[in-house]
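Chemist: For reference, the sequence and a predicted model appear below.
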Amino acid sequence: MWTQVQINGLNIFTQYPSPFSAGPLQPDVLTGGLDITQVRTRNAHHEAGHAVIGVAEGLPVSLAVLGAGSAETPTPPGAYAESGNVSVGPFAVATLDSVLAFHVAGVRAAHRWLDQEQLLTPATAFLNDVVAGVGDQAKLRSVDAAQPVLFTYGTGRPQQVPDGWDHVELATVYARVDGLVERYWPYIAAVACHLLAHGRADAEDLAVLFPRAQRPNGRSGPSSSLPPRPSSEIPAVNPPRSRATEHSSRA
């Protein structure tokens, strides 16, 4: 069952029950017991998930960067530090499903890694969804769609959807992205390893780590001659405007 929770003043929906008592979460619990190396590896899979699923969905992903803060500073790892970012663009048109999948892919890839490493606990599942995913959900709810979007969380399509509105059930988006993450997991893992070793993966790196032949319809992704133009804007899903975005994630 999905519930709305408030984490240190930020509202977010999650399907994972909170294992914590009511009240603000202190920085020392925000890692869920993960050590610095585990937090950084989780973050690498988060950013790799955005990058690989974005490419698989036809978005022109041009750069993925792994933040170094939680591995190199004395502050508790995962304490609302930026885990990295993925730059996309420029492009004119994308489907709503593709943009939503891109935003959700980070937390779902990190969840998959936690499960694989036997690190998935009530605390790590909850914190991955609501702390690492708080920025992702904010972008979901403000996506620049051709028409307004009514989001539901685990309740399915309501009996009445306003005329001229789209409806999105987030549980359905999660399920679809989980399938994509499983399908492309070897490439997500490869990009994550590259990020851990080098801190960044540009379009040329992604072309090697996620070969064109393994992408749907042989998608080539962005041209390396077309640099990203990062901004705070959300990827466009309504033509004919062209935008670029830099997607930042929280650890």
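Modeler: Sure, I can see it.

Chemist: strand partners of the longest strand seen in the chain, parallel vs antiparallel please.
Modeler: If you go by DSSP state E, the chain has its longest strand at strand 82-91. If you go by DSSP bridges, strand 82-91 pairs up with strand 61-66 (antiparallel), strand 243-250 (antiparallel).

Chemist: Pick out the shakiest of those, pLDDT-wise.
Modeler: When the strands paired with strand 82-91 are ranked by mean pLDDT, strand 243-250 comes last with a mean of 47.

Chemist: re the thing from before, what is the mean pLDDT for the longest strand of the chain?
Modeler: 81.

Chemist: now swap in stretch 117-126 and tell me
Modeler: On average, stretch 117-126 scores 97.

Chemist: Tell me which residues are up against that stretch.
Modeler: With Cβ atoms under 8 Å, 6 or more residues apart in numbering as the test, stretch 117-126 has contacts from 14, 16-20, 29, 32-34, 38, 111, 114. Placement of C-beta: from N, CA and C, glycine included.

Chemist: Same check on stretch 184-200?
Modeler: 40-41, 44-45, 47-49, 51-53, 56, 63-66, 68, 84, 109, 112-113, 181, 201, 205-206, 209-210, 214.

Chemist: so Ala64 sits right up against Ala201, yeah?
Modeler: Yes - using Cβ atoms under 8 Å, Ala64 is in contact with Ala201, at 4.7 Å.

Chemist: more crowded one of those two?
Modeler: Taking other Cβ atoms under 10 Å, Ala64 and Ala201 do not tie; Ala64 has more neighbours (32 against 29).

Chemist: Would you mind naming the helix or strand containing the closest residue to that one other than its chain neighbours?
Modeler: Distances taken as Cβ to Cβ, 6 or more residues apart in numbering place Ala51 nearest to Ala64, at 4.1 Å, with adjacent residues excluded. Assigned by DSSP states H and E, Ala51 belongs to helix 36-56.
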